[in-house]
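> This is a predicted model, with the sequence first.
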Amino acid sequence: MTEQTASKSAAAIDRARDAGRSALVCYLPAGYPDVQSTIDAGIAMAKNGADLIEIGIPYSDPVMDGPVIQAATTQAIAGGFRVESVFDVVAGITAATDVAVLVMTYWNPVVRMGVDEFSRRLAEAGGAGLITPDLIPDEASEWFAASEKYGLDRVFLVAPSSTPERLAMTVKASRGFVYAVSIMGITGTRQAVSSTAEKLVADTRAAGAERVCVGLGVSNAGHVSEIGAYADGVIVGTALVAAIRDGGVPAVADLTKELSAGLIREEA
Amino acid sequence: MVDAPSGNADNNAADAFLQAGSLKHAPGPYFGNYGGRWMPESLIAALDELEDTFEKAKADPEFLAQIADLNKNYSGRPSLLTEAKRFSEHAGGARVFLKREDLNHTGSHKINNVLGQALLAKRMGKTRVIAETGAGQHGVASATAAALLGLECVVYMGAEDCRRQALNVARMQLLGATVVPVVNGSQTLKDAINDALRDWVSNVDTTHYLLGTAAGAHPFPAMVRFFHEVIGEEARAQILDQTGKLPDAVCACIGGGSNAIGIFHGFLDDPSVKIYGFEAGGDGVDTGRHAATITLGKPGVLHGARSYLMQDDDGQTIESHSISAGLDYPGVGPEHAYLADIGRVTYEAITDSEAMDAFKLLCQTEGIIPAIESSHALAGAIKVGRRLTEGKANPSETVVVVNLSGRGDKDVETAAEWFNMLDEEGKVKGTNLSTRKPKGPSDRAATEAVPATSVPAAHHAAHDAEDNEVQN
């Protein structure tokens, strides 16, 4: 991994590691139900135990998302969400807290703004980098150049179906951490976390990754605790989106606190 | 009436790129700056497996023999090339020939691709295929291939499209497929593709995604084209046989672009042949209500490929509009984007109104009811014929081949409404026959188990597939 500018995501994960636990990574889409709520919820998550925050850009064709996130992002777009508002969200959270804030986005909105322009504005807003669910390193030459130029983290995904060759290539291409999807599927809450996740984390580490976070289907403190035992970070999305939908910012704060309790290790 | 070609069409540019080599058989993953794989990592292994299986099959005489046999003895190929003599009078007197993909089994070119991909699914040991459909043509074709080859089939179809094309929903169910109405987003074709992709990522071990057009991530564009190349190869041989020369122009309609790339392929390396793709202009390209992706779109990534795309300033996909459900898609195959940029193919928009005029004209001059999709190509051929014969003493020396990609049986209701043939209750005027109103449940509804548009069964269906005795 290139580390000529310090990676904000790596630093946040390392701080949690120094405290003897995994990092808690919390996701919410920007503009749901409105931009100010996303900022408030982001700050609330940071104050209640989130180490990293992932802000999603609502997109018209979110093929990796299940019904809860789709409904939220569809509503955000219908409510007039504009892509550039994501920079306000990032700036609003980073100004008030010291968490690392990443943007999670499907690739076309970045292409449309221009990869360099998007990256410049994200860095200016204090963002840590991008998580790119439909961009693989094979297609990412523009993003490599821009992320190097602005010192942004490149978080690519690995999946249970990734071959050893692709794991090695993706680990090498990533900066900050690698996002391991726990199961073959889309976002959404699930009863149990698949056992494939632990093997994927081990394989990704074996391929050279220093930090691996696990996401998809992680919905409660029990899951967080289970995954926290072997991963460097645990990513929660759908459950938080349902919380803001049903109970607004206070519900997000409560759930974050509950989730972070899952990371406290008795022996640590 | 004779419009200037919009944009990048200079057919004299043909020489320049032909010097650089053949345009046929472009293997992907890239077509110039377009194509590629803009897909979640979870699906890359499946795309690699598909690519590998396809490349091996292409070089396997046994596979090619299977395809040839099905084409001949199941689909009814070769399809005819019919001279449309009375229609030609409206195209400036140019001789217009129709490549009769409407005569294939299931009524369109779609069968070529589904048979090929279903055979590949079997080769990969998959027991289940999923497909997206707009009007239902690709869904019906997929259900047909699945029935023939003993595969489970789930078709994703926008809820809005299900209502508009209820008869095709019933067709798919009769063929044994499960139809899942898609209620996300705009509830049309692009959202059906999104849901099919979500199913695929969740069930990829057992399931092949039988994509219906020459778009999507590599290897789909090159692979779908391969299965449709037979259209162009037949048409080229047939026109040489019937006229003794190559045509002056070839015309096809473009949604995702699979019928078009199939017939274009036969003529790409013939510099004297002008090639035209006709996009859906909807209410008109100035109205914002259209599907003229190449004419007005901008490059972007959608559904796995970089190509032209109808999108707003934020990169959000814009909903397309066309009277033809098969062309109602805001993207286009990447090979077309490339052929547009290098000027080998000229892309123009045809409005709903122009297409419906051509629809009626073909009905009444040739006794052929065309699909509304194909009617865009017919309307384009009228313009091209007039353009190419302008000022010529002997217009019949000009030859135009049109890909008649599908038949119009499915479009009778739309056409009846368009041509004001219905009364206020939706009945065909002067009759008691309604094209729209439900006639109530059939008598056997209580005892027959064919479900109405049914529950999304995708996930358990995948688990059940291994034990399904119907598989062979």
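It's in. Numbers count the residues shown, from 1 in each chain, chains lettered A, B, ... in the order given.

> ok, for the residue in the stretch 51-200 of chain A positioned nearest to chain B, nearest residue in space, not its chain neighbours?
Here the stretch 51-200 of chain A gets closest to chain B at one residue, A:Arg112, 3.1 Å apart by Cβ to the nearest Cβ. (Glycine included, C-beta is placed from N, CA and C.) Nearest residue to A:Arg112, sequence neighbours excluded (Cβ to Cβ, 6 or more residues apart in numbering or on different chains): B:Gly315, at 3.1 Å.

> State whether that neighbour and A:Val111 are indeed in contact, as I suppose.
Yes. When contacts are counted by Cβ atoms under 8 Å, B:Gly315 is listed as touching A:Val111 (6.3 Å).

> so what's in contact with these two at the same time?
Residues touching both B:Gly315 and A:Val111 (Cβ atoms under 8 Å, 6 or more residues apart in numbering or on different chains): B:Gly300.

> and the residue nearest to A:Arg112, what is it in contact with?
Going by Cβ under 8 Å, 6+ apart, B:Gly315 touches A:Tyr59, A:Val83, A:Asn108, A:Pro109, A:Val110, A:Val111, A:Arg112, A:Met113, B:Gly300.

> Check what pLDDT B:Arg171 gets.
If you check B:Arg171, the pLDDT there is 96.

> no no, B:Phe267
The model's pLDDT for B:Phe267 equals 98.

> And the helices in the stretch 101-250 of chain A, which stretches?
A:107-113, A:115-124, A:141-150, A:164-173, A:196-206, A:221-228, A:238-261 (DSSP state H, counting those that start in this stretch).

> contacting residues for residue 195?
Unless you meant another one, I'm taking chain A. Counting by Cβ under 8 Å, 6+ apart, A:Ser195 has no contacts.

> let's do chain B instead
Contacts of B:Asp195 (Cβ under 8 Å, 6+ apart): B:Glu132, B:Tyr156, B:Val180, B:Val182, B:Asn184.

> One more pass at 7 Å, please.
Applying Cβ atoms under 7 Å, 6 or more residues apart in numbering or on different chains, one finds that B:Asp195 lies in contact with B:Tyr156, B:Val182, B:Asn184.

> secondary structure element for the last one?
When secondary structure is defined by DSSP states H and E, B:Asn184 falls outside every helix and strand.

> looking at it, it is touching A:Gln70, isn't it?
Yes. Here B:Asn184 lies in contact with A:Gln70, judged by Cβ atoms under 7 Å, at a distance of 5.8 Å.

> When those two are compared, which one has more neighbours?
More crowded of B:Asn184 and A:Gln70, by other Cβ atoms under 10 Å in any protein chain shown: A:Gln70, with 26 against 20.

> before we move on, the earlier item: for chain A, state which of the contacts of B:Asp195 is nearest.
B:Asn184 (5.8 Å).

> Return the distance of the closest one relative to A:Tyr27.
20 Å (Cβ to Cβ, to the nearest Å).

> same question, B:Phe278
44 Å.

> Repeat that for B:Ser396.
66 Å.

> Among those two, which residue is more densely surrounded?
The neighbour comparison of B:Ser396 against A:Tyr27 (other Cβ under 10 Å) goes to A:Tyr27, with 24 against 12.

> and the more buried one, what does it touch?
So A:Tyr27 contacts A:Glu54, A:Gly56, A:Met104, A:Ile235, A:Val236, A:Gly237, A:Leu240 (Cβ under 7 Å, 6+ apart).

> Now do the same contact list for the fifth one.
So the one you mean is A:Val236. Contact analysis of A:Val236 by Cβ under 7 Å, 6+ apart lists A:Cys26, A:Tyr27, A:Val218, A:Ser219, A:Val224, A:Leu259.

> how about 8 Å then?
A:Val236 makes contacts with A:Leu24, A:Val25, A:Cys26, A:Tyr27, A:Gly215, A:Val218, A:Ser219, A:Val224, A:Leu259, as judged by Cβ under 8 Å, 6+ apart.

> How much space separates the residue lying closest to B:Tyr74 once chain neighbours are set aside from A:Pro62?
Spatially, and ignoring its direct neighbours in sequence, B:Tyr74 is nearest to B:His105 (6.2 Å; Cβ to Cβ, 6+ apart). In this view, B:His105 and A:Pro62 are 37 Å apart by Cβ to Cβ.

> Thank you kindly, that will do.
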